[in-house]
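J.: sequence and computational prediction follow.
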Amino acid sequence: VCTAILTGGVSTQDIMQKPLHELIQQGGLQMGDLMRKRIHSAFAMVAAPGTSMVVERASVAAAAIVHNPRLFELLKALVLKSALALSTMHTKMLQVPYHVELAIGQLSAGSLRVSLDVAIDALVTRAVGHAISVLDVNFALDLLFH
């Protein structure tokens, strides 16, 4: 079962050749669905030790993304910026996009397409977590949620 949410028009060849930020920019990922499905994991990833109510805050955030297009666009822009940084930071030993390196290495999980999907999902989840940590300093997102 694939985890990332790719639009039907994205070929495996495009996923293999294009960096993650280009897939996002060109609409190859359904970012709304993916961010809503991974918001709980992203909140858990960046929660301070001992923080309570992570599940509640993540649920409220998921609803806020649906009802607040400006918040969605802000999160998407931060995710895109993280994805762009990933494409310039890693070593590119194989001369392929980072998510492809992960898919054929650390995150290999079944078929190539499933492995690519898992790698994209993991990177987007990390990027959403990073965006949350940037926006949620001192629980600042609570001001938007209430």
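T.: Cool, the structure landed.

J.: Val96: neighbour count?
T.: By other Cβ atoms under 10 Å, the residues close to Val96 number 14. The way it works is simple: take the backbone N, C-alpha and C, and place the C-beta from them, glycine included.

J.: how near is it to Asn138?
T.: Per Cβ to Cβ, to the nearest Å, Val96 is found 40 Å from Asn138.

J.: one more: Leu112?
T.: Applying Cβ to Cβ, the value for Leu112 to Asn138 is 43 Å.

J.: those two: which has the busier surroundings?
T.: Leu112 (15 against 7).

J.: can you read off the pLDDT for the more buried one?
T.: Looking at Leu112, its pLDDT is 87.

J.: any low-confidence regions in the chain?
T.: Counting by pLDDT under 70, the ranges of the chain that qualify are 1-9, 50-52, 89-94, 145-146.

J.: quick one: the strands in this protein, in order.
T.: Ranges of strands within the chain: none, based on DSSP state E.

J.: select the longest helix from it.
T.: As far as residue count goes, and with DSSP state H defining each element, the longest helix of the chain is helix 112-135.

J.: just the buried residues of it, please?
T.: Using 16 or more other Cβ atoms under 10 Å as the test for burial, helix 112-135 gives 114-133.

J.: contacting residues for Leu75?
T.: 35, 65, 128, 131-132, 135 (Cβ atoms under 8 Å, 6 or more residues apart in numbering).
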